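Participant: no FASTA, just this:
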């Protein structure tokens, strides 16, 4: 057999980092050793795997084809190694988890704290972005697992429903729609005429809001678009408009009376959080253990 696991490790590290200079330290190799291993791999396969673009090595068609298969082999080898190096029952691991914004900021801290209590011998790197960003990272094998709050449309990925989340409409106590709160529901016409604070396209919250509100309101008037739930929460508390956010996100501001939840003439807005992984990637023991932990924790989060 011409291929070696080390060559595949170098290939994956270069794909992730963009150069042999950056890949070498990730594997405790010099740049020359990493370059030599990559050249040996390309020679064995009889194909170039990267294109040089602006000083970076970018996967070509052959490289993209090899990527999930190389990761599968490395994951399998790591699984075998872990099985023999962790015979005392303590799982060693280095997890890379992608989480969309609401989950990353409001759910992940509790998840990780509980996971580390039972699995202390490891490291977890968390990437936080919108749902689209996390899906792209999982598809590119940059993270082991993704936790998202919006729909996933990539056929390379497998989606497992995880837990429910409620979205609520909030505004500042000084907002005009807050003044009649408790007397009657806020009507559709009032909501349609209001100024809305919205997340960017590609956000799971934005897609959930559009799907829930547009059938009733037909359009959302907005002159302010913000890239995080925290920014929208703060803007809403300053009276800049209405926001539709996770109850988890606004809980503290509602308790502090910096925001109020409007009773609207709309159905409850419930969305589903999901766990996503690459269809061609087999879970390592650590990834499988973390996925089970997420499922077990769902009722209490």
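Facilitator: Ah, there it is. Because the structure is predicted, anything quoted here is derived from the model rather than measured.
Participant: which strand runs longest in the chain?
Facilitator: Of all the elements of type strand in the chain, the one with the most residues (DSSP state E) is strand 157-171.
Participant: list the helices and strands the helix or strand just after that strand packs on?
Facilitator: Using DSSP states H and E, the helix or strand that follows strand 157-171 towards the C-terminus is helix 188-193. For helix 188-193, the elements it packs on are helix 204-217, judged by 3 or more C-beta pairs under 8 Å, 6 or more residues apart in numbering; DSSP states H and E. Where C-beta positions appear, they are placed from N, C-alpha and C, glycine not excepted.
Participant: going on from the helix it packs on, what's the next piece of helix or strand?
Facilitator: Later in the chain than helix 204-217, the nearest helix or strand by DSSP H and E is strand 224-226.
Participant: note down every partner strand of that next one and its orientation.
Facilitator: strand 196-199 (parallel) (DSSP bridges).
Participant: quick one: the helices in this protein?
Facilitator: Here the chain has its helices, by DSSP state H, at 5-17, 20-26, 31-45, 61-85, 101-106, 108-118, 131-139, 188-193, 204-217, 229-237, 247-255, 285-297.
Participant: low-confidence ranges, this structure, go.
Facilitator: Applying pLDDT under 70 to the chain flags residues 82-91, 181-182.
Participant: domain assignment for it?
Facilitator: Following automatic domain parsing, one gets these domains for the chain: 1-67, 166-271.
Participant: residue 125 is nearest to which of these?
Facilitator: Residue 125 lies closest to domain 1-67 among the domains of the chain, at 11.8 Å (C-beta to C-beta).
Participant: how far off centre is the closest one?
Facilitator: Here domain 1-67 is found 26 Å from its chain centre; the criterion is C-alpha atoms, centre = their mean, to the nearest Å.
Participant: span of it from start to end?
Facilitator: Domain 1-67 stretches 19 Å from its first residue to its last (C-alpha to C-alpha, to the nearest Å).
Participant: how many other residues sit next to the spatially closest residue to residue 21 that is not a sequence neighbour?
Facilitator: The shortest distance from residue 21 to any non-neighbouring residue, by C-beta to C-beta, 6 or more residues apart in numbering, is to residue 31 (4.7 Å). Burial of residue 31 is recorded as 14 neighbouring residues (other C-beta atoms under 10 Å).
Participant: bridged to the residue nearest the centre of the chain, which residues?
Facilitator: Closest to where the C-alpha atoms of the chain average out (C-alpha atoms, centre = their mean) is residue 99, at 2.7 Å. Under DSSP bridges, the beta-bridge partners of residue 99 are residue 128, residue 147.
Participant: now do the contacts for it.
Facilitator: By C-beta atoms under 8 Å, 6 or more residues apart in numbering, the contact set of residue 99 is 107-108, 126-128, 134, 146-148.
Participant: one more time with 6 Å
Facilitator: By C-beta atoms under 6 Å, 6 or more residues apart in numbering, the contact set of residue 99 is 108, 128, 147.
Participant: burial of the last one, as a residue count?
Facilitator: Meaning residue 147. What residue 147 shows, counting by other C-beta under 10 Å, is a neighbour count of 28.
Participant: do the first one as well
Facilitator: Each residue near residue 108 was counted by other C-beta under 10 Å, and the total is 20.
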